[in-house]
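Engineer: Following is a predicted model, sequence given first.
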Amino acid sequence: MRIDVHHHHKKASENLAFVFFMNLAFNIIVIVGGLATNSMAILADCIHDLSDTISIALAWFLEHVAQKDSSDTYSYGYQRFSILGAVIISIFVIIMALVILQEAIPRLFAPEEVDAGGMLMVAIVGIIFKSISVHRLHKGETFNEKAILFHQLGDVFEWIAILVLSLVLMFWEGAPYLDPFVSIGIALWLIVNLGRNLYKSVEVLLQKTPDHFDVEEFKSGVLKIEGIEGIDDFHVWSLDGIDSVLTLKVNSDDIANQDKVKKEIYSIASKYHIVDITIEFD
């Protein structure tokens, strides 16, 4: 049994396209603002924001690929390209966060003066742009959208922190070390959250049983079906972190009612986002 599975990837592609163009426009603002204010937090975000745009472009492309129908080459379709994108994006953002740490830590010991007023203006614009992107992605289902959502959330927190920092610096000239300190905190937040997303994405690629799939509950339900005596060769894995594939062999003494048994198994599996089921009888 095969079910149409492309709806969430189509929506994800539309969401990521919107967020990509938002970030592309904001890149120019961040670069100009960073050079004008000499803020480490903003200069670090120049690197961060460029990585945003590259990551989103990749995620958008792979979500588009994930909508393609199955072929002789990819018999299960292209959905796993979405999870591949999540892995690549998570690794890329973690690396960029480490670059931010490398640049920010030395500034703790040799802080430089910054233009607090300019920082405030850039931060306000940053909060607006990034909040719009977060709102667009917050209901996303795919791991790609979740990876980019964490990235955009990190940006919102970063720009809020930069806004607060700019206000502090406007009234407290003796606190320039706070600028790199904020950058370090945000980089660590990104590493932790994208690390979790990377871990979950790799689990999907390694075909781990989906977290939402209760194996014991499913098997128990199948064994209650009249005519089924046992289950062999049971396998379930996720294509993209949302939709899953299931294969199993059932021992049945009721050969005449195989179609009825299949329908009951399909009904049990329907609650688990199973989009492809292969049932053999023994």
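Structural biologist: Ah, there it is.
Engineer: all helices for this structure, in order.
Structural biologist: Using DSSP state H, the helices of the chain run over 7-37, 40-66, 80-109, 116-137, 143-171, 178-205, 215-223, 258-269.
Engineer: Distance to Val245, mean pLDDT and mean neighbour count for those helices - can I get that in TSV?
Structural biologist: From N, CA and C alone the C-beta is placed, and that goes for glycine too. As requested, the helices of the chain are exported to TSV (distance: least, C-beta to C-beta, whole Å; pLDDT from 0 to 100; neighbours: other C-beta atoms under 10 Å):
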stretch	distance to Val245	mean pLDDT	mean neighbour count
helix 7-37	16	74	19
helix 40-66	15	69	23
helix 80-109	11	80	20
helix 116-137	26	84	19
helix 143-171	16	79	22
helix 178-205	12	82	20
helix 215-223	14	87	14
helix 258-269	10	84	16
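Engineer: want to throw the ones you listed into a markdown table with distance to Glu229?
Structural biologist: Listed next are the helices of the chain as a markdown table, based on distance: least, C-beta to C-beta, whole Å:
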| stretch | distance to Glu229 |
| --- | --- |
| helix 7-37 | 37 |
| helix 40-66 | 39 |
| helix 80-109 | 35 |
| helix 116-137 | 48 |
| helix 143-171 | 38 |
| helix 178-205 | 33 |
| helix 215-223 | 8 |
| helix 258-269 | 11 |
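Engineer: out of those, nearest to Ser252?
Structural biologist: Closest to Ser252 of the helices of the chain is helix 258-269 (C-beta to C-beta; 6.3 Å).
Engineer: what residues does the closest one touch?
Structural biologist: Here helix 258-269 makes contact (C-beta atoms under 8 Å, 6 or more residues apart in numbering) with 1, 218, 221-222, 225, 227-228, 246, 248, 250, 252, 254, 277, 279, 281.
Engineer: ok, of the residues you listed, which come out buried?
Structural biologist: Neighbour-count burial (16 or more other C-beta atoms under 10 Å) is assigned, among the contacts of helix 258-269, to Phe218, Gly221, Val222, Ile225, Gly227, Ile228, Leu246, Leu248, Val250, Ser252, Ile277, Ile279.
Engineer: how about a markdown table for those residues, with distance to Thr209 added?
Structural biologist: As requested, these are exported to a markdown table (distance: C-beta to C-beta, whole Å):
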| residue | distance to Thr209 |
| --- | --- |
| Phe218 | 10 |
| Gly221 | 16 |
| Val222 | 16 |
| Ile225 | 21 |
| Gly227 | 26 |
| Ile228 | 21 |
| Leu246 | 10 |
| Leu248 | 13 |
| Val250 | 19 |
| Ser252 | 24 |
| Ile277 | 15 |
| Ile279 | 18 |
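Engineer: Gly195 and Val125, how far apart?
Structural biologist: 29 Å (C-beta to C-beta, to the nearest Å).
Engineer: Apologies, that question was intended for Phe218.
Structural biologist: As judged by C-beta to C-beta, Phe218 and Val125 stand 50 Å apart.
Engineer: cool, Val164 as well?
Structural biologist: 16 Å.
Engineer: ok, back up a step: what about the helices of the chain, which gets the closest to Trp237?
Structural biologist: Among those, the nearest to Trp237 by C-beta to C-beta is helix 178-205 (8.1 Å).
Engineer: list the helices and strands the closest one packs on?
Structural biologist: Applying 3 or more C-beta pairs under 8 Å, 6 or more residues apart in numbering; DSSP states H and E, one finds that helix 178-205 contacts helix 40-66, helix 80-109, helix 143-171.
Engineer: Now those in a markdown table, please, with extra columns for distance to Phe129.
Structural biologist: Below are the helices and strands packed on helix 178-205 laid out as a markdown table (distance: least, C-beta to C-beta, whole Å):
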| stretch | distance to Phe129 |
| --- | --- |
| helix 40-66 | 10 |
| helix 80-109 | 18 |
| helix 143-171 | 8 |
